[in-house]
Structure formats: C-alpha cells, structure tokens
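Undergrad: any chance you could fold what I've pasted below:
(3 chains, ligands or ions: 2)
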Amino acid sequence: MAVDAKVVAQIAHLARLHIDENLVTEYASEMTRVLALAEAMDDVDTDNVEPMAHPTHAVQRLREDAVKETGQRDAFQAIAPAVEGGHYLVPQVIE
Amino acid sequence: MHKDTIATIRQNLASGQYSSTELCQHLLERIAAHKDINAFIEVNAEHALDAAGKADERRAAGAAEPLLGVPIAHKDIFCTRGVRTTCGSRMLENFVPPYNATVVDKLNAAGSVSLGKTNMDEFAMGSSNENSYFGAVANPWDTSRVPGGSSGGSAAAVAARLVPATTGTDTGGSIRQPAAFCGITGIKPTYGRVSRYGMIAFASSLDQGGAMATTAEDCALLLDSMAGFDENDSTSIDQPVDDYSGELNNSVKGLKIGLPKQYFGSDLSAAIADTLQQAIAELTKLGATFIDIDLQNQHLAVPAYYVVAPAECSSNLSRFDGVRYGHRCADPVDLEDLYKRSRAEGFGREVKRRILIGTYALSAGYYDAYYIKAQKIRNLISQDFTKAFAQVDMILGPTTPTPAFKLNENTSDPVAMYLNDIFTIPANLAGLPGISVPCGLVDNLPVGLQLVGNYFKEAQLLNVAHQFQQVTDWHTKMPASIT
Amino acid sequence: MQWETVIGLEIHAQLATKSKIFSASSTEFGAEPNTQANAVDLGMPGVLPVLNREAVHMAIKFALATNAEIGKHNVFARKNYFYPDLPKGYQISQMDLPIVGSGKVEVTLDDGQVKTVGLTRAHLEEDAGKSVHDAYPGQTGVDLNRAGTPLLEIVSEPDMRSAKEAVAYARKIHSLVRYIEICDGNMQEGSFRCDANVSVRPAGETKLGTRAEIKNVNSFRFLERAINFEVERQIDLVESGSEVVQETRLYDADKDETRSMRSKEEANDYRYFPDPDLLPVEIDDALIARLREVMPELPEARCARFVSEFKLSDYDAAVLTADRATADFFESVLATSGAPAKLVGTWITGELFSRLNKDSIELTETPVKADRFSGLLARISDNTISGKIAKNILDQMWTSEDNADAIIDREGLRQISDSSEIEKMIDEVIAANPSQLAEYREGKEKLLSYFVGQVMKASRGKANPGQLNELLRTRLKG
Ligand SMILES: [Mg+2]
Ligand SMILES: [Zn+2]
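TA: Numbers count the residues shown, from 1 in each chain, chains lettered A, B, ... in the order given. Ligands and ions are numbered 1, 2, ... in the order given. This next block holds a predicted model:
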C-alpha cells in the first residue's frame, strides 16, 4: 500500500499535525516503507485467532466510588499556557 | 567510590566509609565533568544534596530503608513532582508535573536520592537516543557511537559510572538494547509488575518500567523497591512481589534453557554468536541444560510491533494539544492552527512519523488490515512463548543483532533502525520479563545476552544473571576512559 | 404524498455516582471552573484511568430494568477526536462489546395505547467538559469539571413514528432511570440529554430515509418541537426535489428551528480501538444476582400491586407510580397515617402536587415531607379536621416546620362533632334568619346551603360537615 501526498495530508489532518509542504513526499515514502513491513503479516492465516489487546489475561479491577481528591486547580493551572478566571483558554470556537 | 555497586554502597554507607552527601557530591562532579556524554537532561544538585543530607541524618537517627542514601537517576519519562519532566521532547520542555510517578514515590520511600533525569529518545521512540530534543547521547565506550535507546541516557550514565543505577522503560527493548550497547545489566519486568502511573505513555499495552545497573544484584536491589501492585494503574497486577535480592544465590542446577533457532540465524553477527556460545558453556558448567526450541512467528514480531505501538502512541499523544500544558505555538489564528502548529513544533520527526503511521493503521478502512491483524499476530507470538515455556524455564538469545552502531548510521532509514529491536520486541508483545546481561566484547564494544522468562519469573532471571556474573567478569568491564 | 416519520433516540443519562467514572474527583454540579478536574480528568501525562464500580453496577441495573442482555465481557474503547473539552484527545467509551445489549421498554401513549420500543444497546462512557463561548473576547474558555462524569448512553431502535411517541419514550426512560436511582434526571443541569435521529419516508416504504441527528436536546418540550420542525424541514426538502443530507443538527430553542453543525461534522473518523489502559470488565452471574436482589420494584409491578393491594383505580395507581419518589411518598404516608388509600392518593396528586407545581419544585424538594404529610392525613381521616381546614393547615405547614397537630391545637381547629354544640349554633343561626327560615319552609330548599354556610361560619369552619347537614335538616323542618 503506497502512501501518497494526499493520504499524508488526510492523516496529518486527522492527527492534527502541520506537515511542511516540502516534507510531505518524504513522509509519504517513509510511511510506505514502514507499512510495507506490516505486509509480512498478510501471508499468515489468522482467521481463527483472537486479537490480543493486552499482554496479560487479567481483568479490570473496579474502584470504590469515593471522592478522594479535591481541587488542585492552582497547581495544575500554574503550568498551563493560557488561563483566565479558572478556565483554560483556546482561540474562539464557533459551534 | 563511583565504581561501587549499590551492594557495596549500602555497606559503605552503613559502616560510615563515606556519607551519602560525600558520594552524591562526588557523582555530581563526575556528571558535570562528563557533560559531553549528554546522559542527563536535568541535574538538580541542590535538590540531590539536600536529599542526601537528610538521608545521612536519618541514618544517624537509626533509619535503615533498603536504599537509604543510595544515589540513582530517573529516566525523564517518569513524572517527578516539582522537577521538570520532558520525556525528551520540546513539547514538554517546560513541563513541571505537580505529581510523582508511582515508581518515583516508591524509590523515594526506599530512601534513594535522585541526582537528576536522564536523557532519552523523544517519548521513548527510538533505538539510538538520537531522537532526543536535548541532543544525542554518546556511548561512553566510543563516543562516536550511540548508547542505544530509548533509555540511552540511563544506560550511558551507569556505563560512565556517573550513577550506580537508573530507572528505565522498555516498550520494544528500550532497557535491554541500551544495556547491551553500554555493557550494563538491565531488566524489563513482566507487564504489570511495575506501575505505569506517572510514566509518560508511549504504547500502553507494551510499556514497562524497569531497572538498569552494572550488576544483576543491583538490578534486584532496585526492583525490590520498584515493583508491586498500584491501585492507580488498572493494568498493574495484584500479586505478591518475589524477594529478588533474596533469590540471587539459588543454584542454577537443573535449569532448562531454550535456544530458539530463530535467534541464531542470519540476523545475528557471527561475533555475537560466538560470545553467546561462550555464555552457554559457562551456564552449562553451572548445571543448566539447553534445549532447542522453535518460536516460529518470531519474524512477525517487528511487523506487528510497528503497527501496534504507533497505533497506541497516536492516541496516547493526542493529549499534547497545547491547551492545558506543554508547548503552545505563538499566536494561533484558530483552534485548528493551535493544534496543528503546537503539535508540529512540539514533536520531533520520529514522533510525528509514528503518529502518522498509527493514525493510518487505525483509520477507517485500514483498521482490520493493520491493527486487528497485528493484534492477532501478537496472539500467535504469545502462544509460541506459552508452548516454549511448557518445555523450558527460560529462553536465551542475543539482545541485539550487532554492537553499538555509529551516530547517524541509521537515521536515514527508519526500517533499518527498527530492526535493531528484532530480538527484544517479542517479549514486549507477549508481556514477558527479559534481562540483558553483558556477555562479551566485540571490537572492544560490549554485547549482551538476553534471557526471557515466563510471567513473573523476574527472580529467576536475576538469579541466573547473578550466577553468570559470579563466574564471568564482563559486567565489571568499563570504558577505557573511566579511571 | 403521505409521509412516515421514523425516530430513534440516543439518551445520555448521567450516572448518579459520587466520583467520576475513571477518577476520584467529585461529580457535584456547579463548582468553580476546573476545581473538580484532577490529573486524570485533565489528561495529564502518565496518569491512568481506574473504573468506578458503582457505574458498572448502575448500568447492570438498567439492563435488569429493561430485560436487556448483559454483556458478560466488556471492553472499553477509545473514540479519538480533537476538541478543547476533550482533554485526552479521545473519549473512553464502548464500541463492540457494550455492557447493556438489546432490550425493550413499554411506553404508554397519550391515548392509553401501549407501544413497545426496542433498545439497541446502552454503553458506559465518560462525559466531556464544557466550553464557555461568551466570557472572553475572541477566546473560548474550557471548564473540565464535567469531564469524566459517568454516562450511560441508551440507544433505541428507530421505533418511534411521531414526536409525541419519541417524547413518551424519553419520559419513560427518564422515569425508569430515576426509579432505579441511577440518574437524578435533572435536565437543566444536563444530567439527561437526548439526541434524536430523524428521517422520513413515503408511507408503506420499508427502507429508511436519510437521517439527520439532532444533538443535545435538554427538555421534553424542546424535543417535541425540534423533531416536528425537523420532520417538516425534511418533507419540504424531499417534496421540492432536494435530498436530506446526513448530518448533525442543533436545535435552537429561541428560533424554534434546527440548524446544521458542520463544524463538528467534517472528517469524523473516530479510530475506535480497545483502550490499552483498561482491562476487560468481566461480569459474572453472582454479581447480577446480587444486584437483582437489591433492585427496586419497577413501575409496572408497583402499579399492579397498588391496584390489587390498595384497591386503587388503574389510573390513580399509574399516576402514583409514574415516578419512584411519588410512589415511595404514597406508601410511606399510607403506612403511617392510617388514612384510606384513596384519600392519601387524592391528597398527593391534588393538594401536594398543585403546591409543588406552584413553587416549581420536585417532590424530592417538598418542604412537607412524608412524616408531616402523614400527620395531616391522619387528622383528616379520623375526622379531627375537615378537608377544607386541612388545606389551610397544609398551607401553614408549607412555610413552617410545624406539624398538623401543633397547628390544630394552637389554633383550636379541632372539628366540632358534639351534636349539642352544633345544635346550639344552628339554633342561633335560625333565630337570626327568620325570613330565610320562612322561605325554606315554603319550599325553597336551595336555602339549605345558605344555612350550612352560616353555621360553618359561626363554627369557624370546624363543624363536622356531615353531622351539621343532618342536624340542620331536622331543625329546619321545625
Ligand atoms: Mg452517540
Ligand atoms: Zn455518547
């Protein structure tokens, strides 16, 4: 599966990454090469194999429903790029 | 004293041979003198000396935590409260977390003194440490070569005797491969054995924190304090932790070790194959027996990994959006511009490449062909190990196909770089513990042997590695420059 | 042409847990911005989610209440997209293996007909934060207090055929989640939000038309209006030769119209995949059995019991069991007051409800709780006070802490049932109204009510009305 410039642009948009115009073809060829690695898997019959999402067979532990943390807003917002009135600020979003 | 192992340091601190303050002061001077290696992103001397002073006071008052006053350093992927944590990225150049990783809390509680944060490939993506925003790390054995990655700073710091032990993380070999390249010992425990809380995620189902030091014994001492259940990590395993340092002297007699034929094929340099044969001979003398085994899907590990790891990373790294913390571009014109430029400026080339590959593998129309396929292959690889462990106690092979390569040698071809982890990746896919132990020198560069154990058999791996180190001296070899 | 409307609803019910679905911060409504957002809610680097047990239990209760399948093996997935109110760049939700599978609910329509609506599924997920668009010039403010609040997204089959049916179904789910105490149902605070998938097709056609999704409607009235507007819009489009576009639309209550939300529409490739930070949730039969045991009686069963046990009419029983708080209130008053069921029911649905309505409050917020209300009903039922006086007393109780007996004693409102006392008052009234007496005796029997009124007034409303009537008739005859 060869990745072309158009695909790079689509994927970069999905991933919200700005890609320099002059690097698009380079990314395309690198992606193509890495994805070509994955083609080695095509030959294997995996019809009856379960996908394995976790390396261990453990199951999810459930947490008690209790409030254990209280506001540390100042600590968190001290490292934020833009805050005002307790809100995080971003450029105006129009809905 | 910079050549002392943790085991020796503990004795010397206890006997008053030197104080933690003296030791830390000495190591801080060494770190400053070896800036060229670039092993550290952040050194906080004042902070460290303060902690060392407190450790000395506590010892005088009778305290005896297992690592009291022992200097260590954390890979800069572990969040440290009040201490900058960059993950090797411009994205987090100014990020000072208000919380500690569980591993950091545990090692603090054990009395250790952190000297600073070690350099790493950006977001742990790399096998050469050339992907750090804070510059490449030099291999102390040959500064024109890479230390391996992504825990390259941790490995180089130990190899240069700047600190006796460090934490590392291993997603596809990031502890074992740099340990091999730098001639030290490094263990990646079973997935879930060490908490991932506060460890900045690369690929959540593969990431595992571990220990790096000159000896297996020191790794055991560190792991004794690092491992354990954490209620803040859903994937952490609630099972008692073995006494790693307590099991080091068990006999190796009768141990069955598997030799996968796939690990001794054409991928491996002949010189490394030779060192492995010598190691096998040593272990045979110790009473271990060797059995040929078949890991038939081994060749699919790298392909599966380079789908699964980028897929998870593409999602894990979405949180870096310039809104709540981290790099934010100047004067964004709108929201999309804020996202796209902040992320483009904040992330380096390899990270962007993996985000793109992962996004592609998860996107509509490709999910089944790439992501699901890779997860199925992952299952097959895991089943190969299950079958093997029905026959043998552990598996032996090389850690890397070659010794440390030159800086810039592999940067132009991502795939060539990825093939470096061909022997380490399978253990991550299956979640198994693995250790790399120095087993020889090739062209005066260290190489490592890898032992992969069954789930939760860290104690056994450390035991065999320690016994091997009792009859060999590869782990004591140091770069020529170290005096 | 005749058009048929097809509607399916997605309802987001906020689960009434104390803490968030994946973190230990509070879910309390109305806090200062970002004071209830901890490291996990903010998506800080390295932090991890841990699932709240109660959220899982609540979802199972919903399955039990709707006879739905329960997913024994549950997987949480990441839904990836960028938005400022979504801190991690993905929402943790469920995709392939939801906790609640297919089920059904029976909905009583306005005309009394019962309609069965299929439930496709219901899954657990985390809520997003809130954006503030008008507080900062040129900027949007983000408050992540709500981020990570547990939601149960309840997805129906496209079984509704009109806005009224859709509203009846939504009300039914609203009542049900409150019945089983998994959601407070507060629509103003966004605890219960509806998305409507609306399409039209020629009557008789079996294929579905292209649908539009109306997002986040937070009142039943708006839901009805939004659907009606959308149906008309779609019919107009199709009849004028255009096509309906599959898209997300927003209902604007001020303009009473729906409009396209193209901004959120583009490129919605969510790249769902299993969340590697969370393990599969296994639900065993023992847990289901344990939760079944603590399930409250459901509305249908309770309604039937009210009819058989308390001899209430079907209608009264249905009204009293429509929501759990009312039914509980009724049973509590009935048990402690000794008053007959019919009287208790009438007083709740009449006097109590009209006062709640007037104050625009819910039964849960009533100033007169069941114990005091019961005290009042006891005095009506044992004839200590008349119904009329009881209404006055209820008014006083509404604004004070006093109970009925205290008010009755303080104001001497005890009903007069002593015949001689009543006769004495009758005699005085008759003596004071000779001309009316004469007219009555000449056959103007309507004047009886005049005399009743006069005696009641003389007794300050306290005369036992039954007794008074009887004694007065005898006396007036002469
Ligand atoms: Mg939905
Ligand atoms: Zn939803």
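Undergrad: now residue B:42: how far from chain C?
TA: Note on residue B:42: its distance to chain C, by CB to the nearest CB, to the nearest Å, is 16 Å. In short, each C-beta sits where N, CA and C put it, glycine included.
Undergrad: ok, that residue - contacts?
TA: The contact partners of residue B:42, taken as CB atoms under 8 Å, 6 or more residues apart in numbering or on different chains, are B:76, B:83-84, B:86, B:116-117.
Undergrad: what about the helices in chain A?
TA: Remark: helices assigned in chain A by DSSP state H are A:5-14, A:24-38, A:73-77.
Undergrad: max pairwise distance over the contacts of residue B:42: which two?
TA: Pairwise distances across these (CB to CB) peak at 11.8 Å, for the pair B:86 and B:116.
Undergrad: about what we covered before: of the helices of chain A, which is nearest residue C:226?
TA: helix A:5-14 (30.8 Å).
Undergrad: run a quick neighbour tally on residue 48.
TA: With no chain named, the answer covers chain A. When counting by other CB atoms under 10 Å in any protein chain shown, one arrives at 6 neighbours for residue A:48.
Undergrad: wrong one, I was asking about chain B
TA: Residue B:48, neighbours per other CB under 10 Å, totals 23.
Undergrad: ok, the residue of chain B at minimum distance from chain A - contacts?
TA: Nearest residue of chain B to chain A, counting by CB to the nearest CB: residue B:431, 2.5 Å away. Residues near residue B:431 by CB under 8 Å, 6+ apart: A:54-56, B:190-192, B:208, B:382, B:455.
Undergrad: against residue C:92, how distant is it?
TA: Separation of residue B:431 from residue C:92 (CB to CB, to the nearest Å): 22 Å.
Undergrad: can you name the residue of chain A nearest chain C?
TA: residue A:87 (3.1 Å).
Undergrad: picking that back up, turn the contacts of residue B:42 into CSV, columns for pLDDT, distance to residue B:9 and secondary structure.
TA: Listed next are these as CSV, based on pLDDT from 0 to 100; distance: CB to CB, whole Å; DSSP: H, G, I helix; E, B strand; the rest coil:
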residue, pLDDT, distance to residue B:9, secondary structure
B:76, 98, 23, coil
B:83, 97, 23, strand
B:84, 97, 27, coil
B:86, 98, 28, coil
B:116, 98, 18, strand
B:117, 98, 21, strand
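Undergrad: which helices and strands does the helix or strand hosting residue B:26 pack with?
TA: Element membership of residue B:26, judged by DSSP states H and E, is helix B:20-33. If you count contacts as 3 or more CB pairs under 8 Å, 6 or more residues apart in numbering or on different chains; DSSP states H and E, helix B:20-33 packs onto helix B:6-15, strand B:40-43, helix B:45-60, strand B:71-75, strand B:113-118.
Undergrad: hey, which helix or strand in chain B has the poorest pLDDT?
TA: helix B:414-418 (a mean of 85; mean pLDDT, DSSP states H and E).
Undergrad: on that earlier part again, overlap in contacts, residue B:86 and residue B:116.
TA: Counting by CB under 8 Å, 6+ apart, the shared contacts of residue B:86 and residue B:116 are B:41-42.
Undergrad: up against chain B, what does the stretch 251-400 of chain C have?
TA: Counting by CB under 8 Å from any CB of the partner chain, the residues of the stretch 251-400 of chain C close to chain B are C:269, C:271-273, C:276-279.
Undergrad: apply 10 Å and report the result again.
TA: Selection of the stretch 251-400 of chain C residues close to chain B by CB under 10 Å from any CB of the partner chain yields C:263, C:267-279.
Undergrad: re the thing from before, can you tell me the closest non-neighbouring residue to the residue of chain B closest to chain A?
TA: Distance criterion CB to CB, 6 or more residues apart in numbering or on different chains; nearest residue to residue B:431, sequence neighbours excluded, is residue A:55 at 2.5 Å.
Undergrad: can I assume the one you found is in contact with residue B:193?
TA: No: here residue A:55 lies out of contact with residue B:193, judged by CB atoms under 10 Å, at a distance of 11.3 Å.
Undergrad: more neighbours: these two, which one.
TA: residue B:193 (26 against 23).
Undergrad: which stretch of helix or strand covers the more buried one?
TA: For residue B:193, there is no enclosing helix or strand under DSSP H and E.
Undergrad: for the nearest residue to it once chain neighbours are set aside, grab the count of nearby residues.
TA: Counting by CB to CB, 6+ apart, residue B:193 lies nearest to residue B:227, which is 5.2 Å off, once chain neighbours are set aside. Neighbours of residue B:227 under the rule other CB under 10 Å: 25.
Undergrad: from the contacts of residue B:42, pick the one nearest residue B:175.
TA: residue B:76 (14.4 Å).
Undergrad: surely the closest one and residue B:157 touch.
TA: No: checked against CB under 10 Å, the pair residue B:76 and residue B:157 is beyond contact range at 11.5 Å.
Undergrad: shared neighbours of the two, anything?
TA: Common neighbours of residue B:76 and residue B:157 (criterion: CB atoms under 10 Å, 6 or more residues apart in numbering or on different chains): B:40, B:116, B:118-119, B:151.
Undergrad: now neighbour count and distance to chain C too, for the residues you listed, in CSV please.
TA: Compiled in CSV, the shared contacts of residue B:76 and residue B:157 are given as follows (neighbours: other CB atoms under 10 Å in any protein chain shown; distance: CB to the nearest CB, whole Å):
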residue, neighbour count, distance to chain C
B:40, 26, 20
B:116, 28, 18
B:118, 34, 16
B:119, 31, 17
B:151, 39, 16
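Undergrad: farthest-separated two in these?
TA: Maximum distance among the shared contacts of residue B:76 and residue B:157 (CB to CB): 14.4 Å, for B:116 and B:151.
Undergrad: and the one residue in the stretch 101-250 of chain C that gets nearest to chain B, how far from residue C:34?
TA: Using CB to the nearest CB, the single residue of the stretch 101-250 of chain C nearest to chain B is residue C:142, 6.9 Å away. With the distance defined as CB to CB, residue C:142 ends up 8 Å from residue C:34.
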